[in-house]
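when you get a sec, could you give me coordinates for this:
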Amino acid sequence: MRANTIRHETFGAKDASRTPPRLATSLTLAAMSLGYGVVQLDVTIVNTALDAMGKTLGGGVAELQWVVSAYTIAFAAFILTAGALGDRIGAKRIFMAGFAIFTAASLACALSPNAIVLIGARLVQGLAAAILVPNSLTLLNHAYTDDRARGRAVAVWAAGASLALTAGPFVGGALITLVGWRAIFLVNLPIGLAGLWLSWRYATETARARSREIDLPGQLAAIGALGALAGAIIEAGALGWAHPAVIAAFVVSAVLATLFVSRESRTTQPMLPLSLFSHRLFTLTTIVGLLVNIAIYGLIFVLSLYFQRINGLSAWWTGLAFVPMMGAVLPVNLLAPRIAERIGPCPTIVVGACISALGCLGLVWIEAGTSYWAIFAQMIAISGGLGLLVPPLTSTLLGSVEKARSGIAAGVLNAMRQTGSVLGVALFGALVASDSAFMTGLHQALIISAAVLLLAAGVIGLGAKVGGQTM
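Residues are numbered from 1 along each chain as shown. Got it, this is the predicted structure:
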């Protein structure tokens with residue numbers, strides 16, 4: 001046992017032994033920011049490439065939905081297990097493995113000869129993304145022992161991800177115009193190699209908790225349930241909601257979801273501790289996170305297709321069209337905590353959801369050929385509302401549970417939000433699957449988005465008030 005401890009300490013400390021401690025922690029922060037940043041970059045950069053991918057690889061809207069959803073399905077379903085793997089094996093080892101897998105999968109995406117291979121590579125990318133996010137936070141927590149310094153480091157880590165999210169459409173549009181859509185995946189290679197080297201050289205390994213179990217049956221049930229549900233909704237757009245294959249997929253999803261809940265209620269170390277949902281605000285905030293991502297990310301998917309397929313914009317101009325929308329999130333993120341201090345976190349979430357809902361309703365009249373400047377303010381409202389509600393949503397969720405369980409609570413919120421992204425893309429993509437009915441489907445998507453966002457506002461506003469929670 002002593003020998004294992006010595007080896008563990010050497011693995012974590014030898015690389016940074018000649019580097020000043022402050023520089024080592026700063027470079028660790030750089031590595032973790034690259035890890036989270038590349039994950040967020042691939043969320044938005046792909047949207048600008050959808051039309052180009054479809055023309056090169058063939059297939060319709062359903063195949064493009066799978067290109068987006070394969071990533072988010074794996075991300076959502078695996079993120080809780082990925083954190084447990086870091087606890088058991090060591091966060092540095094797992095983080096580096098995640099970076100290596102993400103980089104290799106990105107190369108496979110770039111070299112994909114057809115849509116099936118691309119979807120498979122995106123699935124592996126999503127698994128790696130799920131590894132990177134929780135373990136980067138664990139390594140930051142380990143590197144910064146002072147609470148104040150840790151808070152600043154996490155703020156930098158989150159800001160870098162927001163910047164990547166914002167830059168994704170612009171960078172994607174530029175790369176597609178200059179090189180081609182495959183370049184949006186090749187750009188991950190130098191990021192991955194830099195992140196791997198910085199992690200190996202400067203990050204310090206965490207202690208291994210060998211008693212931490214991996215809930216493999218629960219993990220398989222979660223992936224199967226989410227994948228079958230997304231598949232049923234996606235294929236319904238092409239086959240119809242009453243098709244036997246679609247109905248069968250819904251049934252499979254329901255059965256696996258039931259098995260998942262049953263498993264989690266009985267196992268001693270569940271992947272998803274159901275006891276967390278005994279906290280009213282925890283339950284309310286996770287529901288809101290799910291609903292908001294259904295509305296926002298599903299809408300981003302169909303707007304990407306609208307700009308390119310209906311209005312004929314190039315990838316470059318589509319990327320530029322999304323920059324103001326994505327760019328509005330970061331400054332409002334920074335403003336949100338101050339607003340929450342004045343009026344309370346739950347009212348701030350309500351206001352943010354309502355602003356986004358009004359933005360969606362303001363776009364319902366959109367038609368083919370509508371000027372970008374006629375919808376500019378509405379797009380800013382949609383993203384600004386999102387930026388306003390996410391910080392108080394996260395802080396309210398974390399404050400609703402014991403501090404010792406904050407890590408798993410944050411993981412659950414991330415998993416639920418990614419699940420919302422999967423369902424949003426699947427549902428809204430199904431609505432616009434037919435080119436002849438695209439605008440009708442877009443109008444329906446906007447109305448549904450507004451309704452879902454208003455439902456989210458009602459859930460947190462009325463739910464917290466009924467429960468007697470501090471607003």
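
quick one: distance of stretch 394-412 to the chain centre.
Here the centre of stretch 394-412 is set off from its chain's centre by 17 Å, with CA atoms, centre = their mean, to the nearest Å.

for that stretch, which positions count as buried?
394-401, 405, 407-412 (16 or more other CB atoms under 10 Å). For every residue, glycine as well, the C-beta is placed using N, CA and C.

filter the residues you listed down to the ones in helices?
394, 395, 396, 397, 398, 399, 407, 408, 409, 410, 411, 412 (DSSP state H).

measure the closest residue to residue 362 other than its chain neighbours to residue 367 for me?
Closest residue to residue 362 apart from its sequence neighbours, by CB to CB, 6 or more residues apart in numbering: residue 378 at 4.0 Å. Applying CB to CB, to the nearest Å, the value for residue 378 to residue 367 is 14 Å.

next: residue 21.
In terms of CB to CB, residue 21 sits 60 Å off from residue 367.

surely residue 66 and residue 235 touch.
No: using CB atoms under 8 Å, residue 66 is not in contact with residue 235; the gap is 9.7 Å.

can you give me the distance of the residue positioned nearest the centre of the chain to residue 123?
By CA atoms, centre = their mean, the chain has its centre lying nearest to residue 418, at 4.7 Å. Remark: distance between residue 418 and residue 123 (CB to CB) = 13 Å.

wait, doesn't residue 408 sit right on residue 83?
Yes: using CB under 8 Å, residue 408 is in contact with residue 83, at 7.4 Å.

looking at the protein, which helix is longest?
helix 147-178.

next, count neighbours for residue 279.
Neighbours of residue 279 under the rule other CB atoms under 10 Å: 19.

any idea how far it is from residue 400?
Using CB to CB, residue 279 is found at 5 Å from residue 400.

now swap in residue 66 and tell me
35 Å.

who's more crowded, residue 378 and residue 367?
Between residue 378 and residue 367, counted using other CB under 10 Å, residue 378 has the larger neighbour count: 20 against 10.

for the spatially closest residue to residue 343 that is not a sequence neighbour, give me its contacts.
Leaving aside its sequence neighbours, residue 343 sits nearest to residue 351 (CB to CB, 6+ apart; 7.7 Å). Taking CB atoms under 8 Å, 6 or more residues apart in numbering, we find residue 351 in contact with 339, 343, 385, 388, 389.

in CSV, list these along with secondary structure.
Shown next, in CSV, are these (DSSP: H, G, I helix; E, B strand; the rest coil):
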residue, secondary structure
339, helix
343, helix
385, helix
388, helix
389, helix
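
so which of these is the closest to residue 446?
residue 385 (14.2 Å; CB to CB).

tell me the contacts of the closest one?
351, 352, 353, 354, 355, 356, 357, 358, 359, 453.

could you say which helix or strand contains the second one?
What that stands for is residue 352. Secondary structure assignment for residue 352, by DSSP states H and E: helix 345-361.

ok, so of the ones in helices among the buried residues of stretch 394-412, who is nearest residue 202?
Nearest to residue 202 among those, counting by CB to CB, is residue 407 at 22.6 Å.

next SSE after the helix or strand of the chain with the lowest mean pLDDT?
Among the helical and strand segments of the chain, the one scoring lowest on mean pLDDT, DSSP states H and E is helix 2-13, with a mean of 43. For helix 2-13, the following helix or strand on the C-terminal side (DSSP H and E) is helix 21-44.

that following helix to helix 147-178, inter-axis angle?
With axes from the mean of the first three to the mean of the last three CA atoms, to 10 degrees applied, the angle from helix 21-44 to helix 147-178 works out at 40 degrees.

and helix 21-44, average pLDDT?
Confidence for helix 21-44, expressed as mean pLDDT, is 87.

buried residues, it. List them.
For helix 21-44, burial by neighbour count (16+ other CB under 10 Å) applies to 24-25, 27-44.

same check, this time on stretch 365-372
residue 366.

hang on, the earlier thing: show the pLDDT at the residue nearest to the centre of the chain.
Predicted confidence (pLDDT) for residue 418: 85.

does it lie in a helix or a strand, and which?
With DSSP H and E as criterion, residue 418 is part of helix 406-431.

how big is the angle separating the next helix or strand after that helix from helix 345-361?
Using DSSP H and E, the next helix or strand after helix 406-431 towards the C-terminus is helix 438-466. Using the same axes, to 10 degrees, the direction of helix 438-466 lies 160 degrees away from that of helix 345-361.

what helices and strands are in contact with helix 438-466?
For helix 438-466, the packing partners by 3 or more CB pairs under 8 Å, 6 or more residues apart in numbering; DSSP states H and E come out as helix 280-305, helix 345-361, helix 406-431.

before we move on, the earlier item: closest one of the buried residues of stretch 394-412 to residue 439?
Among the buried residues of stretch 394-412, and counting by CB to CB, the member closest to residue 439 is residue 394, at 35.7 Å.

state the distance from that closest one to residue 385.
Relative to residue 385, residue 394 is positioned 15 Å away (CB to CB).

which ones are touching residue 229?
Counting by CB under 8 Å, 6+ apart, residue 229 has contacts 249, 250, 253, 257, 423, 426.

kindly recompute the last result at 7 Å.
By CB atoms under 7 Å, 6 or more residues apart in numbering, the contact set of residue 229 is residue 253.

figure out the helix or strand that it lives in.
Residue 229 belongs to helix 216-239 when elements are defined using DSSP H and E.

just to revisit the earlier point, any idea which of the helices and strands packed on helix 438-466 gets closest to residue 74?
Per CB to CB, nearest to residue 74 of these: helix 406-431, 9.2 Å.

count the neighbours of residue 344 for me.
Around residue 344 there are 17 residues (other CB under 10 Å).

and it, how far from residue 455?
Distance from residue 344 to residue 455, by CB to CB: 20 Å.

please apply the same query to residue 387.
20 Å.

compare the two (neighbour count), which wins?
Set residue 387 next to residue 455 and count neighbours by other CB under 10 Å: residue 387 wins out with 23 against 16.

need the per-residue pLDDT for the more buried one.
Reported pLDDT for residue 387: 87.

is it in a helix, a strand, or coil?
Criterion first, three-state DSSP; result for residue 387: helix.

likewise for residue 312?
Secondary structure, three-state DSSP: residue 312 is coil.

just the terminal-to-terminal distance for stretch 237-247.
One end of stretch 237-247 to the other measures 13 Å (CA to CA, to the nearest Å).

which element, helix or strand, includes residue 50?
Here residue 50 is assigned to helix 50-57, by DSSP H and E.

quick one: which of residue 66 and residue 235 has more around it?
residue 66 (26 against 21).

any idea how far residue 53 is from that one?
11 Å.

and what of residue 288?
32 Å.

out of the two, which sits in the busier spot?
residue 288 (32 against 21).

list the contacts of the more buried one.
Per CB under 7 Å, 6+ apart, neighbours of residue 288: 349, 393, 456, 459, 460.

low-confidence ranges in the protein?
In the predicted model, the chain carries pLDDT under 70 at residues 1-20, 147, 151, 209-212, 403-407, 464-471.

which residues are in contact with stretch 299-319?
By CB under 7 Å, 6+ apart, stretch 299-319 touches 47-52, 68, 169-170, 172-174, 176-177, 321, 368-369, 425, 428-429, 432, 438, 442, 445, 449.

buried sites along that stretch?
Going by neighbour count (16+ other CB under 10 Å), the buried part of stretch 299-319 is 299-311, 313-319.

brilliant, that's me finished.
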